[in-house]
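# What follows is a predicted structure for the sequence shown.
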Amino acid sequence: NSRGASSLLKDSIPITEFSASGPFEGHDLLRRGFASVKNELLPSHPLELSEKNFQLNQDKTNFDTLRNIQGLHAPLKLQMEFRAVKQAQRHPFLHSSNIALDTLRGNDECISFEDILNDPSQSEVMGEPHMMMEHKLGLL
């Protein structure tokens, strides 16, 4: 009975109310990563935001050009392929190179900063594999 289940859920207390909050809250390193003051600050330079969104702007420009040349179906098909490739990932504790996404974008033959020194936003953090998979699957 769905009505009975919803009334039970309505009467129950959410778990978030039991979590610690305030100035003495413990930082959850597994879910939030390392604490950094830099992440909380505003961009230091006007072009920093543009550089962070470079690939998004580049994809939008490519989709617009592709639509003008080949029609509406071409960018829609490419966006569908992008989504399919992004869904296939490794386990959360292993770094993924996203070679299929690079191939679709045409960046597979280009050597960039990420190829040599890796993406600085994805620091090498190796946690406990079982806990990370349970968090990804929503079991924690």
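Received the coordinates, thanks.

# Just say helix, strand or coil for the residue most central in space within the chain.
Residue closest to the average C-alpha location in the chain (CA atoms, centre = their mean): K86, at 9.7 Å. Following DSSP: H, G, I helix; E, B strand; the rest coil, the label given to K86 is helix.

# quick one: average pLDDT of the helix with the most length in the chain?
If you go by DSSP state H, the chain has its longest helix at helix 54-70. For helix 54-70, mean pLDDT rounds to 93.

# List the buried residues of it.
F63, L66 (16 or more other CB atoms under 10 Å). Quick note: C-beta positions are derived from backbone N, CA and C, even for glycine.

# next one: phi and psi at G106?
phi 90, psi 20 (degrees, to the nearest 10).

# I meant to write L137 there.
Dihedral angles for L137 - degrees, to the nearest 10 - are phi -80, psi 0.

# show me what contacts it?
Listed by CB atoms under 8 Å, 6 or more residues apart in numbering, L137 has no contact partners.

# Kindly provide the distance from it to N98.
Separation of L137 from N98 (CB to CB, to the nearest Å): 21 Å.
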